[in-house]
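Q: Sequence and predicted structure below; questions after.
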Amino acid sequence: MFARRLVLSTAGIDAPQGAARRRILAHAEAGATVVADQPGDAAWWRTEGLKPLRGDPDRQFFSLGRGQLVAYKEPITDPGEFALDLVDIVGQRRRAARLWNSRAGLALATVAPRSGAVRGKAALHVVNYSQPAATPVLARIQGVFSQATLLSPEAEPSPLKVARRGTSSEVAIPQLVRVATVVFS
């Protein structure tokens with residue numbers, strides 16, 4: 001379970017206690033990056049085994065087990081800048097999902113339904129906050145898959161051609177109006 005998480009953000013949460021705290025830190029010990037913004041006396045994330053790696057003006061990096069902990073020196077105040085920091089921490093090559101040719105689209109990679117009419121291993125949900133796309137939207141999800149099915153309110157489920165891109169799979173959504181889901185198997 002822990003190995004599948006690249007980054008776990010705890011920014012802005014109340015200080016976890018007991019089992020919740022141990023579970024969060026276990027992600028870093030298993031190889032993920034845990035990001036925290038609770039400095040000073042509120043630094044609930046301080047634990048045995050933290051080893052300083054490096055620092056910059058805004059944050060300190062520590063190793064913990066097979067992963068790391070990134071501790072901001074101040075609470076997060078700009079969510080947009082923080083989101084870009086998280087993309088940098090994950091790295092462009094390991095992002096869970098990406099979109100191209102979508103002016104205001106958001107993508108969310110999730111686990112797909114395991115039973116029902118359309119089932120698979122992963123799903124990519126895309127929400128378009130702009131005008132309907134005039135050309136196909138290219139969507140990429142982390143993981144290697146051989147089949148994809150497009151679900152949208154405007155049409156019946158339809159298969160999409162899947163292209164492998166390193167450790168990712170890519171499809172072209174022919175028409176993105178408001179929302180679409182691509183189920184990968």
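A: On my side now, so go ahead. Numbering: from 1, shown residues only.
Q: Nearest residue to the middle of this structure?
A: Centroid check for the chain by CA atoms, centre = their mean gives Ala96 as the closest residue, at 4.9 Å.
Q: Not counting sequence-adjacent ones, nearest residue to it?
A: Ala109 (4.1 Å; CB to CB, 6 or more residues apart in numbering). Glycine gets a C-beta too; all of them are placed from N, C-alpha and C.
Q: Doesn't the one you found lie inside a helix?
A: No: Ala109 sits outside any helix when classified using DSSP: H, G, I helix; E, B strand; the rest coil, being strand.
Q: any idea how far it is from Leu124?
A: 5 Å (CB to CB, to the nearest Å).
Q: which neighbours do those two share?
A: In terms of CB atoms under 8 Å, 6 or more residues apart in numbering, Ala109 and Leu124 are both contacted by the residues 97, 141.
Q: Need the phi and psi values for Asp88.
A: When quoted as degrees, to the nearest 10, the phi and psi of Asp88 stand at phi -60, psi -40.
Q: residue boundaries of the strands in the protein?
A: Along the chain, the segments classed as strands by DSSP state E run 7-9, 33-36, 51-55, 59-64, 67-72, 97-100, 105-111, 122-128, 137-142, 148-152, 155-160, 163-165, 168-173, 179-184.
Q: Now tabulate those strands in CSV and tack on distance to Ala83.
A: Formatted as CSV, the strands of the chain follow (distance: least, CB to CB, whole Å):
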stretch, distance to Ala83
strand 7-9, 10
strand 33-36, 11
strand 51-55, 21
strand 59-64, 15
strand 67-72, 14
strand 97-100, 14
strand 105-111, 11
strand 122-128, 16
strand 137-142, 18
strand 148-152, 26
strand 155-160, 28
strand 163-165, 23
strand 168-173, 20
strand 179-184, 21
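Q: quick revisit: what's the residue nearest to the centre of the chain in contact with, if anything?
A: Counted by CB under 8 Å, 6+ apart, Ala96 has contacts 6, 90, 109, 141-142.
Q: quick revisit: tell me how many other residues surround the residue nearest to Ala96.
A: When neighbours are counted by other CB atoms under 10 Å, Ala109 registers 20.
Q: Help me confirm that it comes into contact with Val126.
A: No: counting by CB atoms under 8 Å, Val126 is not a contact partner of Ala109; they are 10.3 Å apart.
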